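Q: what's the 3D shape of this:
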Amino acid sequence: MKKVVVVGLAKSGIAAARLAAGRGDTVFITEIKDDSATRAVRDSLIKENVVMKDNVELGSHSQRLIECSDIMVISPGVTMDSLPVKLARDNNIPVISELELAYSVCPVPVIAVTGTSGKTTVTTLIGQMLKKQGLDAVVCGNIGNPFSGEIGRIRKDSIVVLEVSSFQLEGIETFKPWISVILNISANHLDRHRDMEEYISLKSRIFVNQGAGDTVFLNGKDLTLRSLAPCVKSRVEFFDEYKNLRVKCDIRNENFLAAMSVASLAGVEEGKILEAIAGFKGIEHRLEHVANVKGIDFINDSKATTVSSVEWALKSLDGRIILIMGGKYKGGDFSILEKAINEKVSRVIAIGEARPRIKKDLRRLKNVFEEENLESAVKSAFSNAREGEKILLSPGCSSFDMFKNYEDRGRIFKELCLKLR
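A: Numbers count the residues shown, from 1 in each chain. The predicted structure follows:
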């Protein structure tokens, strides 16, 4: 039995606290927020006997709770240079991520997917392919339901399919997937990571503990990822070349190829793989068709929080587009979108804190406009749209300047679109 201090009371922190308490640990919780929603979560965990009242602090991080613990578990939103981490290290207390905590008690093989964009799509598809084969796939992680919260439903014949982020990988020690995947690498989270070198290094931690019997799938078309291959101790495969699936199945979508490669290695029959792709409806907030209003299609791509994701969205859609973009800037060069904008976009509407950066990067274009918020952007886009055009929300930024998260942003966009009817 250990004394575990959990930093943060969002989804990951709640799941970590419950997991630690469930295995008999004494739980301490420290959370910088102190609002009605956070207090409600605290009260619920106290009622569940996850944590004692005196072992929770809100609104600050004090040394009292931290120095008496054996290990610290941090949520993805907690940085390694934050006060609680500093206090833990000053007291020689190990710091791990919620991902590492869950893995330490996970009794079955893990498939882990990371990359700058496409993680949720590929993780979801792998899970669906495994289920088509009759396997018990437990799909979780950064996809929305924390790994720690799913430990209780894992059976001895399960396979865990995880979406993992650079933030989670920063705090691993023993995490060792059976199969790992890095889909792509482009500028992202540079508001948190020191530079691209650090970002790439953190993504590479997904395979750092893998060895004989394990496999890492990389994108062979991504030169940065190809350069990582010599550093890998396990088997290396390039999913765009694996078993010639691209040609054999006439599949060009790299996300599909990544999922197909993993599923094939995991023993899923080719027919079941193609059946899963044929029935794949996509995921919410990722190129999600919302409505057609007066001949104008509204597309919710709120999950596109990187510039490369916006580029993918523009390439994926046919016809003329009005693009709503912006939010909290987290790195990337919007100028790489110039070619696609010139080809397909009649109007760019920039919102949020990133407006000045978007205008600066796209200064050579004459069709970039600004709006104060998402509501005024939707109204402006609709008033300027022609029948047959698409209005696309694909922010290329995080949501935290105006919204709780990308789901909240997407939900509000959909509500605004539907009101126009």
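
Q: Okay, now the unreliable bits of the stretch 51-200 of the chain?
A: Residue ranges of the stretch 51-200 of the chain with pLDDT under 70: 187-195.

Q: Give me the buried stretch members for stretch 35-48, please.
A: T38, R39, V41, R42, L45, I46 (16 or more other Cβ atoms under 10 Å). All C-beta atoms are positioned from the backbone trio N, CA, C, and that covers glycine.

Q: Mind checking what secondary structure the nearest residue to V208 once chain neighbours are set aside has?
A: Excluding the flanking residues, the one nearest V208 by Cβ to Cβ, 6 or more residues apart in numbering is I172, at 7.9 Å. Assigned with DSSP: H, G, I helix; E, B strand; the rest coil, I172 falls in the coil class.

Q: hang on, I172 packs against I96?
A: Yes - assessed by Cβ atoms under 8 Å, I172 is found in contact with I96 at 7.2 Å.

Q: Would you mind measuring from the residue nearest to V208 to G13?
A: 17 Å (Cβ to Cβ, to the nearest Å).

Q: With K315 instead?
A: With the distance defined as Cβ to Cβ, K315 ends up 37 Å from G13.

Q: The two: who's more crowded?
A: Neighbour tally, K315 and G13, criterion other Cβ atoms under 10 Å: the higher count belongs to G13, 26 against 10.

Q: Which helix or strand contains that one?
A: Assigned by DSSP states H and E, G13 belongs to helix 11-22.

Q: Quick one: list the elements packing against that helix.
A: strand 3-7, strand 26-31, helix 36-47, strand 71-74, helix 98-103, helix 147-150 (3 or more Cβ pairs under 8 Å, 6 or more residues apart in numbering; DSSP states H and E).

Q: Would you reformat those as JSON lines and include distance to H289?
A: Output for these, formatted as JSON lines (distance: least, Cβ to Cβ, whole Å):
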{"stretch": "strand 3-7", "distance to H289": "39"}
{"stretch": "strand 26-31", "distance to H289": "38"}
{"stretch": "helix 36-47", "distance to H289": "32"}
{"stretch": "strand 71-74", "distance to H289": "37"}
{"stretch": "helix 98-103", "distance to H289": "33"}
{"stretch": "helix 147-150", "distance to H289": "30"}
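
Q: out of these, nearest to L183?
A: The closest of the helices and strands packed on helix 11-22 to L183 is helix 98-103. By Cβ to Cβ, the value is 17.7 Å.

Q: Tell me the pLDDT of the closest residue in space to T215 that isn't next to it in sequence.
A: Spatial nearest neighbour of T215, chain neighbours left out: R235 (4.5 Å); criterion: Cβ to Cβ, 6+ apart. Among the per-residue scores, R235 shows a pLDDT of 96.

Q: count of neighbours near R235?
A: Neighbour tally, R235, other Cβ under 10 Å: 15.

Q: One more: the one 5 residues further on?
A: Burial of D240 is recorded as 19 neighbouring residues (other Cβ under 10 Å).

Q: in what helix or strand does the nearest residue to it once chain neighbours are set aside lie?
A: Nearest residue to D240, sequence neighbours excluded (Cβ to Cβ, 6+ apart): G220, at 4.9 Å. Here G220 sits in a region with no helix or strand, counting by DSSP H and E.

Q: I figured G220 hits Y242, correct?
A: No - G220 is not in contact with Y242 according to Cβ under 8 Å; the separation is 9.2 Å.

Q: thinking again about what came up before, closest one to R89 among the helices and strands packed on helix 11-22?
A: Of all the helices and strands packed on helix 11-22, strand 71-74 sits nearest to R89, with 9.1 Å by Cβ to Cβ.

Q: packing partners for the closest one?
A: strand 3-7, helix 11-22, helix 83-90, strand 95-97, helix 98-103.

Q: now the angle between helix 11-22 and the first one, please.
A: In terms of direction (axes from the mean of the first three to the mean of the last three Cα atoms, to 10 degrees), strand 3-7 departs from helix 11-22 by 170 degrees.

Q: S12 reaches G144, doesn't it?
A: No - if you go by Cβ under 8 Å, S12 and G144 don't touch, sitting 10.7 Å apart.

Q: Counting neighbours, go ahead and name the busier of those two.
A: Counted by other Cβ under 10 Å, S12 and G144 do not tie: S12 has more neighbours, with 30 against 14.

Q: Quick check: the more buried one vs I143, distance?
A: In terms of Cβ to Cβ, S12 sits 12 Å off from I143.

Q: Repeat that for I71.
A: I71 sits 25 Å away from I143, going by Cβ to Cβ.

Q: and the nearest residue to K119 once chain neighbours are set aside, what does it touch?
A: Leaving aside its sequence neighbours, K119 sits nearest to E163 (Cβ to Cβ, 6+ apart; 4.7 Å). Contacts for E163 (Cβ atoms under 8 Å, 6 or more residues apart in numbering) come out as V113, T114, K119, T120, T123, C140, G141, N142, I143.
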